[in-house]
Structure formats: structure tokens, C-alpha cells
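Undergrad: I would like to see how this sequence folds:
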Amino acid sequence: MDIRITAAARFWNLNWNFYLDVINVYNRSNIIAYDYYVTEDKELGAKPTAMFPILPTLGFSIKF
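TA: Model (predicted):
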């Protein structure tokens, strides 16, 4: 689950939007790929590759 909180303001005759994004709020290990390899015993192994852990982002945008 991802969430975003946005706040709007007006400074210097410009419209500003400030936001906080949080990606992967529950910190789930979402697998996006597998890396396959052959072990010393000649067996096929698979190592999962997960997406980002919790990733917060601050930002802003301006309309003029």
C-alpha cells in the first residue's frame, strides 16, 4: 500500500503543493523477479529480488 498526503498553499502569487509520499507502507517483501543459478550439486536455485522497503519522499510542485 502506498499513501500520499498533500497540502496546498499560496505564496508570492503562486500555487504551491507540498506532499509526503510513503511507498510500501506495510514493508512487504514484494517479489518482482528471481535470479536463477546452478549450485555445486548441479541443482537449480532461485534467489528472489524484492521491491523497495519503506520509501518516504518529500516534495513540492508550483503552478504559475
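
Undergrad: residues of stretch 47-64 that come out buried?
TA: Buried residues in stretch 47-64, counted by 16 or more other CB atoms under 10 Å: none are found. In this view, the C-beta of every residue, glycine as well, is placed from N, C-alpha and C.

Undergrad: who's in contact with stretch 19-32?
TA: Residues outside stretch 19-32 that contact it (CB atoms under 8 Å, 6 or more residues apart in numbering) are 1-7, 48-61.

Undergrad: in it, which residues are buried?
TA: residue 24.

Undergrad: circling back to that earlier point, among the contacts of stretch 19-32, name the ones in strands.
TA: Among the contacts of stretch 19-32, the members falling in strands (DSSP state E) are 3-7, 48-50, 55-61.

Undergrad: just the pLDDT for the residue most central in space within the chain.
TA: Centroid-nearest residue in the chain: residue 23, 3.9 Å away (criterion: CA atoms, centre = their mean). According to the prediction, residue 23 has pLDDT 89.

Undergrad: any idea how far residue 19 is from residue 48?
TA: From residue 48 across to residue 19, the span is 31 Å (CB to CB, to the nearest Å).

Undergrad: and residue 56, by the same measure?
TA: Going from residue 56 to residue 19 by CB to CB gives 11 Å.

Undergrad: this completes my enquiry, with thanks.
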